[in-house]
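J.: pasting the structure only:
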């Protein structure tokens, strides 16, 4: 029910105004129908993690994604209680107005 946007890159030499936020917006509009037709269910939430030491998440803010907070920098395979991966920001974009209800059913 939750899709993760693991990679999103626009190369620096591509100079098109609002390309990132337009692409994210268009993806959010077409993704639920695509997943419904291919996999048989509609996702209700998009999520992504932004490495805040390297990137600012500006395109997600411009595309009306919601900032939820930061990770603690503990990877799932690292030592318990210790930071072993970069701290990242968590951003989400609801695809359904009732996403909370659908995720907790």
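T.: Ah, there it is. Just so it is clear, the structure is predicted and the values come from calculations on it, not from any experiment.
J.: burial of residue 79, as a residue count?
T.: 9 (other C-beta atoms under 10 Å). Heads up, the C-betas are built off the backbone N, CA and C, glycines and all.
J.: residues in contact with the top helix by length along the chain?
T.: Using DSSP state H, we find that the single longest helix of the chain is helix 19-39. The contact list for helix 19-39, computed with C-beta atoms under 8 Å, 6 or more residues apart in numbering, reads 3, 8, 10, 41-43, 46, 58-60, 62-65, 93, 95-96.
J.: of these, which belong to helices?
T.: Per DSSP H, helices hold the following members of the contacts of helix 19-39: 58-60, 62.
J.: of those - the most surrounded one?
T.: residue 60 (24 neighbours).
J.: OK, contacts around that residue?
T.: Per C-beta under 8 Å, 6+ apart, neighbours of residue 60: 24, 48, 50, 67, 91, 93.
J.: switch the cut-off to 10 Å
T.: For residue 60, the contact set (C-beta atoms under 10 Å, 6 or more residues apart in numbering) comprises 5, 8, 20-21, 24, 46, 48, 50, 66-67, 89, 91-93.
J.: noted, bye for now.
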